[in-house]
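K.L.:
no sequence on hand, only this structure:
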């Protein structure tokens, strides 16, 4: 593959196609060629590469450029299946950055210590597993996975290869999330019996468009990756992939990966799971978008007994300080209420913004009280994990537990019935059809 910062479209496409045909899969790399785990590159700085540089991927790249300019990291490479996004990333990252169309070239480089993966959801598991198998530490966007079997593979890969993984449900690292967590952990609500999440409905494809040739800048086969092949349609990408069950999973897998991540963290349930999952709602009957329009999912947990309820739209609770909301752009269109025997607590949003009530913000942990972890920042927490080996705040086990909630909710809705879940084995029980749907075939050569 031609590696150049001068991205002539015809040359780039030709080089990418030739390289993709010739490249061997990266887990055949000798172990001695891999970057040293837990160590940085020159001057002890980690050398990073970015896979997927549109949307959140562009944000992560800009953030890492700022860190590079302060001497914290090195950036070696960027990768995207869209030439326009790739060219923009090269411009953002500056001189010396090598562009790639195919992520597997990045994983072959022994000088790269860690990768930031912000590709569409259907790529997360495959790329994270392959990166771990090549000894790279990983920051991967949420949701962690699209199927339960993918999640198991991600957990195994991180453990077996001893790499640090942080998943981009960054709400856990926000200051007011810490406040809410400390307030709940110190019993200010008493025993919590229910957590209700609200979110607005998913969009509907009311004006379908016909299939067409993909735009010339997009490598459509590579964008599809592990998914089954299909003709290009502008309703599939870029950001609208979220409204396709196979590639995005709808609001529950998008924002549920934030709101419910915080819920199970505050409830100390990262290492547990529900015993039943029951969803009701409305699926579209028109167009290509097939994720739930409205939806309610009830997750029942045991020992301790409580329920987690996801509702879209649910009962929206406006942020209490409307002037502050407007000034800071607080999105009060989604969040959660924690219902305890003594009191309740509202936590708004849940991702890059987390806000809670003043009684929690102003709460001071008393002498002898319970202290909870206070993240130094989501990427800072990841860097600490790389350097020390400690679990990150949104480690892969926790992220997969959250993704399982989202995926089980969708499965229950599609099948139209309650599912029984074994949280220890992480398997659906007593339902062979649902059990078979815990995984799905992946297209060669983009598979686990």
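P.N.:
That came through, no problem. Owing to the predicted nature of the structure, the values given are computational and were not obtained by experimental measurement. Numbers count the residues shown, from 1 in each chain.

K.L.:
from now on I want contacts and neighbour counts done on CA atoms only, so please keep to that.
P.N.:
Fine.

K.L.:
which helix is the longest one in this structure?
P.N.:
The longest helix of the chain (DSSP state H) is helix 396-415.

K.L.:
can you list the domains in this protein?
P.N.:
Segmentation of the chain into domains, based on automatic domain parsing, reads 9-171, 172-367+396-436.

K.L.:
JSON lines for these, including distance to residue 373?
P.N.:
Shown next, in JSON lines, are the domains of the chain (distance: least, C-alpha to C-alpha, whole Å):
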{"stretch": "domain 9-171", "distance to residue 373": "13"}
{"stretch": "domain 172-367+396-436", "distance to residue 373": "8"}
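
K.L.:
could you say which of the ones you listed is packed most deeply?
P.N.:
Among the domains of the chain, the stretch with the highest mean neighbour count (mean count of other C-alpha atoms under 10 Å) is domain 9-171, at a mean of 21.

K.L.:
now that domain: mean pLDDT?
P.N.:
For domain 9-171, the mean pLDDT works out to 85.

K.L.:
show me the contacts for the residue positioned nearest the centre of the chain.
P.N.:
Compute the mean C-alpha point of the chain, and by C-alpha atoms, centre = their mean the closest residue is residue 142, 0.6 Å away. With contacts defined as C-alpha atoms under 8 Å, 6 or more residues apart in numbering, the neighbours of residue 142 are 121, 167-169, 254, 257, 399.

K.L.:
ok, residue 340 next?
P.N.:
Residue 340 sits next to 189-194 when contact means C-alpha under 8 Å, 6+ apart.

K.L.:
now residue 137
P.N.:
37, 113-115, 131, 163-165, 386.

K.L.:
what does the nearest residue to it once chain neighbours are set aside show for phi and psi?
P.N.:
Beyond its immediate neighbours in the sequence, the residue positioned closest to residue 137 (C-alpha to C-alpha, 6 or more residues apart in numbering) is residue 114, lying 4.4 Å away. Comment: the main-chain dihedrals of residue 114 come out as phi -150, psi 150, following degrees, to the nearest 10.

K.L.:
stretch 381-394: which residues count as buried?
P.N.:
Neighbour counts using 16 or more other C-alpha atoms under 10 Å place 381-386, 391-394 of stretch 381-394 among the buried residues.

K.L.:
in helices, which of those residues appear?
P.N.:
Using DSSP H, the subset of the buried residues of stretch 381-394 located in helices is 381-386.

K.L.:
farthest-apart pair in those, please.
P.N.:
In those, the most distant members under the criterion C-alpha to C-alpha are 381 and 386, with 8.8 Å between them.

K.L.:
before we move on, back to that, from the buried residues of stretch 381-394, pick the one nearest residue 148.
P.N.:
Ranked by distance to residue 148 (C-alpha to C-alpha), the buried residues of stretch 381-394 are led by residue 394 at 17.6 Å.

K.L.:
pretty sure that closest one contacts residue 166?
P.N.:
Yes: applying C-alpha atoms under 8 Å as the test, residue 394 and residue 166 come out as touching, 5.6 Å apart.

K.L.:
distance of the residue nearest to the centre of the chain from residue 68?
P.N.:
24 Å (C-alpha to C-alpha, to the nearest Å).

K.L.:
check residue 342 too.
P.N.:
In this structure, residue 342 lies at 48 Å from residue 68, with C-alpha to C-alpha as the measure.

K.L.:
over to residue 391?
P.N.:
Following C-alpha to C-alpha, the distance that separates residue 391 from residue 68 is 24 Å.

K.L.:
same thing with residue 194?
P.N.:
44 Å.

K.L.:
and if you look at residue 273?
P.N.:
Remark: distance between residue 273 and residue 68 (C-alpha to C-alpha) = 39 Å.

K.L.:
on that earlier part again, identify the contacts common to residue 381 and residue 386.
P.N.:
Common contacts of residue 381 and residue 386, defined by C-alpha under 8 Å, 6+ apart, are absent altogether.

K.L.:
if we can go back for a sec, who touches the longest helix of the chain?
P.N.:
With C-alpha under 8 Å, 6+ apart as the contact definition, helix 396-415 has outside contacts at 142-148, 151-152, 154-155, 158, 165-167, 169, 249, 252-253, 256-257, 260-261, 264, 270-273, 277-281, 297, 418-419, 434, 437.

K.L.:
rerun that using 7 Å as the cut-off
P.N.:
Helix 396-415 is touched from outside by 143-148, 151, 155, 165-167, 252-253, 256-257, 260-261, 270, 277-281, 297, 418-419, with contacts defined as C-alpha atoms under 7 Å, 6 or more residues apart in numbering.

K.L.:
kindly report the same for stretch 235-248.
P.N.:
Among residues not part of stretch 235-248, those counted as contacts by C-alpha under 7 Å, 6+ apart are 121-122, 249-250, 288-291.

K.L.:
what about the residues you listed, which are in helices?
P.N.:
Checked against DSSP H, the contacts of stretch 235-248 include these in helices: 121-122, 250.

K.L.:
the closest residue to residue 276 other than its chain neighbours: which element?
P.N.:
On the basis of C-alpha to C-alpha, 6+ apart, the spatially nearest residue to residue 276 that is not a chain neighbour turns out to be residue 420, at 4.6 Å. Following DSSP states H and E, one finds residue 420 within strand 419-422.

K.L.:
and after that strand, which helix or strand comes next?
P.N.:
Per DSSP H and E, the first helix or strand lying C-terminal to strand 419-422 is strand 427-429.

K.L.:
what's that next one packed up against?
P.N.:
Applying 3 or more C-alpha pairs under 7 Å, 6 or more residues apart in numbering; DSSP states H and E, we find strand 427-429 packed against strand 419-422, helix 432-436.

K.L.:
avg pLDDT for it?
P.N.:
98.
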